[in-house]
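Undergrad: the following comprises the amino acid sequence and a computationally predicted model.
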Amino acid sequence: MPKKPSKFSNTGSTWNKFTGELPESIRQDVHAKIFTANLAEALVREAYDTLPDDKAARYYPNVTYILNSLKTRLFSWLIQRVPHDQVLELIALYVKTLERKRPDRKALRPKNRVSPKPRRQYR
């Protein structure tokens, strides 16, 4: 009788993106990601509030850049107290990394896009 594949052994599964297989470690990873996302959103909001009105109407702080910069700083921030000046410098940096708002952009995209060129077949 063939063996059933484990839900943890599937390579394309989202289970492999956690640091462990136990429910406790998965729960900790989820909580850490939620905490990081909330902290990034708070910094985005703070940076957005410092923008002048003409820029705030057209631009928004780059959330991906903020998340990536938090990954390198967050551990040291959790261990020691963060100076207020360091947070203000970081917010000033985030104000400089803006991306244009695109209100007409649609979120839905086709899943299977037809390639304009046919693929070559090698024999």
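TA: Ah, there it is.
Undergrad: host element of Arg73?
TA: helix 63-79 (DSSP states H and E).
Undergrad: what sits against the residue nearest to Tyr94 when sequence neighbours are not counted?
TA: Counting by CB to CB, 6 or more residues apart in numbering, Tyr94 lies nearest to Ala47, which is 4.0 Å off, once chain neighbours are set aside. Where you see a C-beta, it was placed from the backbone N, CA and C, and this is true even at glycine. By CB atoms under 8 Å, 6 or more residues apart in numbering, the contact set of Ala47 is 61, 66, 91, 94-95.
Undergrad: show me what the helix or strand following the helix holding Arg73 is packed up against.
TA: Using DSSP H and E, the helix or strand that follows helix 63-79 in sequence is helix 84-96. For helix 84-96, the packing partners by 3 or more CB pairs under 8 Å, 6 or more residues apart in numbering; DSSP states H and E come out as helix 23-49, helix 63-79.
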